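# Next input, structure requested:
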Amino acid sequence: MSLILFACVVRVRDGLPLSASTDFYHSQDFLECRRRLKTLALQLAQYPGRGSAEGCDFSIHFSSSRDVACMAICSLQCPAAMAFCFLETLWWEFTASYDTTCVGLASRPYAFLEFDNVIQKVKWHFNYVSSTQMDSSFGKIQEELKFQPPVVLTLEDTNVANGVMNGHTLMHLEPAPSFRMEPVTALGILSLILNIMCAALNLIRGIHLAEHSLQVAHEEIGNILAFLIPFVACIFQCYLYLFYSPARTMKVVLMLLFICLGNVYLHGLRNLWQILFHIGVAFLSSHQILTRQLQDKQSDCGV
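Take a look at the predicted model:
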């Protein structure tokens, strides 16, 4: 019988499932364990990196780092070292395939469906390859578990309903806040493209001027900075449009000011139309950043 029965990858801050293995178990106990795994996934932000929740027939193990967590349902005969070694392998495979930006922008459950095949292969490897071939890996995990034991729960601890846990009132623990932005618009995409174009022009001109000004008077340094500072401001504007950031308005105004002052300073190296183009793109990007708001928090993420 397989020791690792089911595995999934979820986003820590809101429990959104990103990918999962196909399970072939339909017993009532297993389905109940799956429901409690989903509940636990919503609470991962409250717990340290590794943990286990044990029940009568199955156990849930989870391992998280940054905003990605791997979770597994195992039989009670599965050694903890094997489960956490499996989860760590799965985490490395996932983070090697998808960066934090992709994970942060995921807006629907199971957005990385193609990763399911990888989960199946890793799960099969750990279930059917001889444990003697993985003794070194298990030994390393066992040492880590001795020095930093995982948090131990029971499956009943994950059964949260109407604010009550195990007959006692549950202290209200908020998971890490989820800052999900409204969908990107066509005009927003256009502003991103124009902003990247302006950033590239500033960078190319700045580097070109620096290469030809190594033996020229120090007054050229001002022109070089007037190209490079707007380049950084354009890139930061792209970031502000794509991701939520506190004090957005102040940052937007500051970036806009840098771009405008830099282009005005370059009046001798750029003609009026070029300056107006760069400033116009900066205003368009600023408008798009300020009009793209956070989505209203959803009570059910579709798990």
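# Strands along the stretch 151-300 of the chain, start to end?
In the stretch 151-300 of the chain, the strands defined using DSSP state E, counting those that start in this stretch lie at 151-154, 164-165, 168-169.
# what is the mean pLDDT for the longest one?
Yep, that's strand 151-154 we're talking about. The pLDDT scores in strand 151-154 average 81.
# partner strands of that strand, parallel or antiparallel?
Using DSSP bridges, the strands paired with strand 151-154 in its sheet are strand 50-54 (parallel).
# for this protein, what spans make up the helices?
Under the criterion DSSP state H, the chain contains helices at 28-41, 80-97, 100-105, 116-128, 135-147, 186-211, 219-242, 248-265, 272-291.
# Which strands or helices does the last one pack on?
Same thing as helix 272-291. helix 186-211, helix 219-242, helix 248-265 (3 or more Cβ pairs under 8 Å, 6 or more residues apart in numbering; DSSP states H and E). Yep, even glycine has a C-beta here, placed from its N, CA and C like the rest.
# Need the ones you listed in TSV (columns: distance to residue 41 and mean neighbour count).
What follows is the helices and strands packed on helix 272-291, written out as TSV (distance: least, Cβ to Cβ, whole Å; neighbours: other Cβ atoms under 10 Å):
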stretch	distance to residue 41	mean neighbour count
helix 186-211	31	16
helix 219-242	25	19
helix 248-265	30	17
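# With respect to residue 17, which of the ones you listed lies nearest?
Nearest of the helices and strands packed on helix 272-291 to residue 17, taken as Cβ to Cβ: helix 219-242 at 22.8 Å.
# could you check the angle helix 248-265 makes with the closest one?
Orientation of helix 219-242 against helix 248-265 (axes from the mean of the first three to the mean of the last three Cα atoms, to 10 degrees) gives an angle of 150 degrees.
# Show me the contact partners of helix 219-242.
For helix 219-242, contacts defined as Cβ atoms under 8 Å, 6 or more residues apart in numbering pick out 105, 181, 184, 188, 191-192, 195-196, 198-199, 202-203, 205-206, 209-210, 213, 245, 248, 251-252, 255-256, 258-259, 262-263, 265-266, 269, 278, 282, 285-286, 288-289, 292.
# ok now that helix, how far from the chain's centre?
The chain centroid and the centroid of helix 219-242 are separated by 27 Å under Cα atoms, centre = their mean, to the nearest Å.
# what is the mean pLDDT for that helix?
Regarding helix 219-242, the rounded mean pLDDT is 88.
# Contact partners for residue 142?
residue 81.
# for the one 4 residues further on, same thing?
Contact analysis of residue 146 by Cβ under 8 Å, 6+ apart lists nothing.
# Figure out which of the helices and strands packed on helix 272-291 is closest to residue 138.
The nearest among the helices and strands packed on helix 272-291, by Cβ to Cβ, is helix 219-242 at 40.9 Å.
# report the angle between the axes of the closest one and helix 272-291?
Angle, helix 219-242 to helix 272-291, by the same axes, to 10 degrees: 30 degrees.
# let's have the chain start at 780 instead
All right, first residue 780 from here; so that's helix 998-1021.
# and the angle from helix 998-1021 to helix 965-990?
Using the same axes, to 10 degrees: helix 998-1021 against helix 965-990 is 160 degrees.
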